[in-house]
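S.K.: Here you go, sequence then predicted model.
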Amino acid sequence: MKRILPLFLLTVAVLLSGCSTETGPTAAGGPPTTSASPAGSDTDLAARYRRAGGDPDVYGIKHAQNRDGLLTLTVWTRRKSDYGSGFDKFDETLTSFLAGTGVSLLQGYVLNVYGPDGTRLHHYDTTRENSS
């Protein structure tokens, strides 16, 4: 019994230490880019995007700003490979939809698109320092 308590406390400490599912880099000190499954609000936004004519394979969209105001977009898609030459159209449709919902894209954004197995299919950075 004396050995179980320290092991239990160590396990609890590890679980509470802030482990995350992040698999990609953070955007300029901002929220980590993750390939974890989208939350309910992220799937709701994706459903609205699809109803507005967006890519039918998209099942999650998340947008957040880091403390420096950098907008990060995370998209989950059922596609197993990248968008190829159709990426520009995908990006235009997505950002047009988000702008219509009140998301400001004026300072640029970082877009990460993940496939169904968590593989990052695209990393696209339109922030000022990367678009010149």
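M.R.: Good, I have the coordinates. Numbers count the residues shown, from 1 in each chain.

S.K.: Quick check: longest helix in this structure by residues?
M.R.: Counting residues, the longest helix in the chain under DSSP state H turns out to be helix 87-100.

S.K.: Rounded mean pLDDT for it, please.
M.R.: Averaged across helix 87-100, pLDDT comes to 95.

S.K.: now swap in stretch 56-70 and tell me
M.R.: According to the model, stretch 56-70 has a mean pLDDT of 90.

S.K.: Pull out the buried residues from the longest helix of the chain.
M.R.: Buried residues in helix 87-100, counted by 16 or more other C-beta atoms under 10 Å: 90-91, 93-95, 97-98. C-beta coordinates here come from the backbone N, C-alpha and C atoms, glycine included.

S.K.: And for stretch 47-65?
M.R.: Applying 16+ other C-beta under 10 Å to stretch 47-65 flags 49-50, 54-55, 57-63, 65 as buried.

S.K.: what two of these have the greatest distance between them?
M.R.: Asp57 and Gln65 (25.9 Å; C-beta to C-beta).

S.K.: Tell me how many other residues surround Thr74.
M.R.: 24 (other C-beta atoms under 10 Å).

S.K.: which residue ranges form the helices in this structure?
M.R.: Under DSSP H, the chain gives helices at 4-15, 40-51, 87-100.

S.K.: so the residue most central in space within the chain bridges to which residues?
M.R.: In the chain, the residue lying closest to the centroid (C-alpha atoms, centre = their mean) is Thr74, at 2.1 Å. Counting by DSSP bridges, Thr74 is bridged to Lys62, Asn112.
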